[in-house]
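S.K.: my questions concern the predicted model and sequence given below.
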Amino acid sequence: MSIRLENISKRFGAFTALGDVSLEARPGEFLALLGPSGSGKTTLLRIMAGLEFPDCGRVSFDGEDVTGLKVADRHVGFVFQHYALFRHMTVAENIAFGLNVRRRRDRPTRSAIDARVQELLDLVQLGSLGHRYPAQLSGGQRQRVALARALAVDPKLLLLDEPFGALDARVRKDLRRWLRELHDRMGLTSIFVTHDQEEALELADRVVVMDHGVIEQVATPLHIYNEPASAFVFDFVGESNRVPVVVARGKVLYLGQPLDVPAIGADGPSELFFRPHDAEIVKSDTGAIPALVAQVRPKGAGVRVEGKFIGIDRPFEIDVAAEDAPEPGRIIALKPGHPRLFPTHTHEDQA
Amino acid sequence: MAATESRTARWLLIAAALGFLGIFLFLPLVAVFAEALEKGVGAYMAAIVEPDALAAIRLTLLVAAISVPVNILFGVSAAWAITKFDFPGKSLLITFIDLPFSVSPVVSGLIFVLLFGAHGWFGAWFAERDIQIIFAVPGIVLATVFVTFPFVARELIPLMTEQGRDDEEAALSLGASGWQTFWHVTLPNIRWGLLYGVLLCNARAMGEFGAVSVVSGHIRGLTNTMPLHVEILYNEYNFVAAFAVASLLALLALVTLVLKSIVEWRFNYHHRGTGH
């Protein structure tokens, strides 16, 4: 199923949760809504579900306007952050709920419901736990019950609010892979909310980066990571180093000295961003950024070097091969690789 | 040193608390039953099966049988509205729910005399239609409903606030109607809290004296509830009968306490069992 949001706005009192947001998810797509808390991502998800209604704008499923439809009539699967399992019902009863509340003429027979529940229990790998109560399950198991319950009503659209937020790192990683497989196998359109950029980049077909109620960028994980559209996106989707520069006459000036990087961007005060793994320690200090090394720690195959840029009071972190590791206390020359330039928004900095 | 001191302090505190309980709660309870049974079981039973006493018992049960369900309905809907929806005047409603706790019961009674009495605002209208409210059963029911209406709502509001709206939203997202959501999800979630509120509400409905005293008119065999009957007997120096009827109320209190403890135990058990 495709879902289309057009010019959605939503206010809560004086707070603007969403300001004129438009977005489209294609059939079969796995979309991540990524942003910090208060960015409006959960509100957007709830508007898609019909748990919240926009002040203005349009929501349509497969071209059909559903803006005024309540959640009960939208036939979407919604998985809540804290699972919202019915604690007085067994796992099987939880999963059967969506079928049991149907009107008699639409309701499957008792044995058909039982069969469907067992099928879903097997699907979420909880085959023998149907008789347990939610309190007797681990976090990861509860999450899978919540998913099975949402899938029981055969939704074409699956919405997940911070699906892995309450789980520990290991379980999270397993569940992530499993969910992706499930999505592909069932041919769903899925949209999930997360504040974890790693999760979004690893799991989604496309990532929607949000901040302050607006969409900053919509793109594939690779594109988001390599071609961030704004300083915010660069900073949010991965580790970053930033230094203040001035772009003038085709040159990038750092503290008045030209840097050995291409000047792609408008003239004026800018921020130069680069990723820790894109930096290089060079011999010659012309065209490079001087920095003072404070710490060297092992990281993956290489080392993570931390310290401060000299001349400005800002920290840096870079990843280099172990044999290139400098001594702490040394001054090194850094050459940023794959740098990105974004104009400095002075009014924002003051705010 | 410090350890022994704190130990002494602990025993002193426990002794003080138990002593206080003994003198102010346990002793009176014993006194009620001792006094009631002073002239033997025969006199005790005679005082209870006496027609006016039976009428008082019947009336008390009737008043409780009406006001408790009314307050369940009101309490659940008020708590539901307050915790599941946002609407203007919400905090005002919360304040008003506490009103019966904050005014003296005598004032509560007088409010109804003022509204429905012979010279009250609506008194003439009802008098024309030959409906008597004050000094009759309807007045007693009204006063009792008013005095006991915070119990259920007060018990449910914090509980439902803590539980949030997720469960209800989950049920709705699975296609359940509002009524199905209430019946299959909300009600089971609040059942122990609700039962607790109902017990307290019932105990107060049966035991209420002040407000009921103002609107009742104390007509023996007609508008006397058990607490009022006790007072009349006592004023007539009929101590055995007064304490016999009083012992029934005391018994109700004891039964309520036991039930309350059981519910509390279940309630905590359920609460702990489902924590995240």
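M.R.: Good, I have the coordinates.

S.K.: got the phi and psi for A:Lys308?
M.R.: Main-chain torsions, A:Lys308, degrees, to the nearest 10: phi -130, psi 150.

S.K.: ok, it touching A:Glu317?
M.R.: No: counting by C-beta atoms under 8 Å, A:Lys308 does not reach A:Glu317; the two are 10.5 Å apart. For every residue, glycine as well, the C-beta is placed using N, CA and C.

S.K.: contact partners for A:Gly287?
M.R.: Residues in contact with A:Gly287 (C-beta atoms under 8 Å, 6 or more residues apart in numbering or on different chains) are A:258-260, A:335.

S.K.: is it possible to export those to CSV including secondary structure, pLDDT and neighbour count?
M.R.: Formatted as CSV, the contacts of A:Gly287 follow (DSSP: H, G, I helix; E, B strand; the rest coil; pLDDT from 0 to 100; neighbours: other C-beta atoms under 10 Å in any protein chain shown):
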residue, secondary structure, pLDDT, neighbour count
A:Pro258, strand, 88, 16
A:Leu259, coil, 89, 22
A:Asp260, coil, 86, 13
A:Lys335, strand, 91, 19
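
S.K.: including distance to chain B, could the residues you listed go into JSON lines?
M.R.: Output for the contacts of A:Gly287, formatted as JSON lines (distance: C-beta to the nearest C-beta, whole Å):
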{"residue": "A:Pro258", "distance to chain B": "56"}
{"residue": "A:Leu259", "distance to chain B": "51"}
{"residue": "A:Asp260", "distance to chain B": "53"}
{"residue": "A:Lys335", "distance to chain B": "49"}
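
S.K.: which positions in chain A make contact with chain B?
M.R.: For chain A, the contact set with chain B under C-beta under 8 Å from any C-beta of the partner chain comprises A:49, A:51, A:70-72, A:75-78, A:80, A:82, A:84-88, A:97-98, A:101-102, A:133-135, A:149-150, A:152-153, A:166.

S.K.: okay, now the closest residue to chain B within the stretch 201-350 of chain A: neighbour count?
M.R.: As assessed by C-beta to the nearest C-beta, chain B sits closest to A:Gly213 within the stretch 201-350 of chain A, at 20.0 Å. If you count neighbours by other C-beta atoms under 10 Å in any protein chain shown, A:Gly213 ends up with 23.

S.K.: next one: phi and psi at the closest residue in space to it that isn't next to it in sequence?
M.R.: Excluding its sequence neighbours, the residue lying closest to A:Gly213 (C-beta to C-beta, 6 or more residues apart in numbering or on different chains) is A:Gly40, at 4.1 Å. The phi/psi pair for A:Gly40 (degrees, to the nearest 10) reads phi 100, psi 10.

S.K.: what sits against A:Gly40?
M.R.: Contacts for A:Gly40 (C-beta under 8 Å, 6+ apart) come out as A:10, A:17-18, A:21, A:210, A:212-214.

S.K.: dump these to TSV, plus pLDDT and secondary structure.
M.R.: Formatted as TSV, the contacts of A:Gly40 follow (pLDDT from 0 to 100; DSSP: H, G, I helix; E, B strand; the rest coil):
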residue	pLDDT	secondary structure
A:Lys10	95	strand
A:Ala17	92	strand
A:Leu18	94	strand
A:Val21	94	strand
A:Met210	96	strand
A:His212	93	coil
A:Gly213	93	coil
A:Val214	94	strand
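
S.K.: out of those residues, which comes closest to B:Leu25?
M.R.: A:Ala17 (54.1 Å; C-beta to C-beta).

S.K.: chain center to stretch A:312-320, what's the gap?
M.R.: 25 Å (C-alpha atoms, centre = their mean, to the nearest Å).

S.K.: name the nearest of the contacts of A:Gly287 relative to B:Leu115.
M.R.: For the contacts of A:Gly287, the nearest to B:Leu115 is A:Leu259 (84.7 Å; C-beta to C-beta).

S.K.: what residue ranges in chain A score low on pLDDT?
M.R.: Scanning chain A for pLDDT under 70 picks out the ranges A:346-351.

S.K.: can you tell me who the nearest residue to A:Ala321 once chain neighbours are set aside pairs with across the strands?
M.R.: Distances taken as C-beta to C-beta, 6+ apart place A:Gly302 nearest to A:Ala321, at 4.9 Å, with adjacent residues excluded. With DSSP bridges applied, A:Gly302 shows beta-bridge pairing to A:Lys299.

S.K.: A:Gly302 - how many residues pack around it?
M.R.: By other C-beta under 10 Å, the residues close to A:Gly302 number 16.

S.K.: can you pull the contacts of it?
M.R.: If a contact means C-beta under 8 Å, 6+ apart, then A:Gly302 has A:319-322, A:324-325 as its contacts.

S.K.: check A:Leu69 too.
M.R.: With C-beta under 8 Å, 6+ apart, A:Leu69 has these contacts: A:Gly50.

S.K.: now do the phi/psi pair for A:Asp313.
M.R.: phi -90, psi 70.

S.K.: with adjacent residues omitted, what lies nearest to the spatially most central residue of chain A?
M.R.: Residue closest to the average C-alpha location in chain A (C-alpha atoms, centre = their mean): A:Leu34, at 3.1 Å. Sequence neighbours aside, A:Ala200 is the residue nearest to A:Leu34 in space, at 4.2 Å (criterion: C-beta to C-beta, 6+ apart).

S.K.: roughly how far apart are the one you found and A:Gln217?
M.R.: 12 Å (C-beta to C-beta, to the nearest Å).

S.K.: what do these two both touch?
M.R.: Residues touching both A:Ala200 and A:Gln217 by C-beta under 8 Å, 6+ apart: A:Val207.

S.K.: contact partners for the nearest residue to B:Leu37 once chain neighbours are set aside?
M.R.: Distances taken as C-beta to C-beta, 6+ apart put B:Tyr44 closest to B:Leu37, at 5.5 Å, once the chain neighbours are dropped. Counting by C-beta under 8 Å, 6+ apart, B:Tyr44 touches B:36-37, B:240, B:244, B:247.

S.K.: in helices only, show me the residues you listed.
M.R.: The helices, defined by DSSP state H, take in B:36, B:240, B:244, B:247 from these.

S.K.: ok, and of the residues you listed, which contact chain A?
M.R.: Among the ones in helices among the contacts of B:Tyr44, none lies close to chain A by the criterion of C-beta under 8 Å from any C-beta.

S.K.: which two among those are spaced furthest apart?
M.R.: For the ones in helices among the contacts of B:Tyr44, the maximum inter-member distance is 10.4 Å, found between B:Val240 and B:Ser247 (C-beta to C-beta).

S.K.: please enumerate the shared neighbours of these two.
M.R.: Joint contacts of B:Val240 and B:Ser247 (C-beta under 8 Å, 6+ apart) are B:36, B:44.

S.K.: run a quick neighbour tally on residue 134.
M.R.: Because you didn't say which chain, this covers chain A. Using other C-beta under 10 Å: A:Pro134 sits among 21 other residues.

S.K.: wait, chain B
M.R.: B:Ile134 has 25 nearby residues by other C-beta under 10 Å.

S.K.: assumed it was part of a helix.
M.R.: No: according to DSSP: H, G, I helix; E, B strand; the rest coil, B:Ile134 belongs to no helix; its state is coil.

S.K.: more crowded one of A:Lys308 and A:Glu317?
M.R.: Higher neighbour count among A:Lys308 and A:Glu317: A:Glu317, with 18 against 14, using other C-beta under 10 Å.

S.K.: give me the element the more buried one is part of.
M.R.: strand A:315-320 (DSSP states H and E).

S.K.: tell me, how many residues neighbour A:Val171?
M.R.: The burial count for A:Val171: 16, using other C-beta under 10 Å.

S.K.: check contacts around A:Leu51.
M.R.: By C-beta under 8 Å, 6+ apart, the contact list for A:Leu51 reads A:71, A:78, B:169, B:172-173.

S.K.: how is it assigned, secondary-structure-wise?
M.R.: coil.

S.K.: look up phi and psi at it.
M.R.: phi -90, psi -20.
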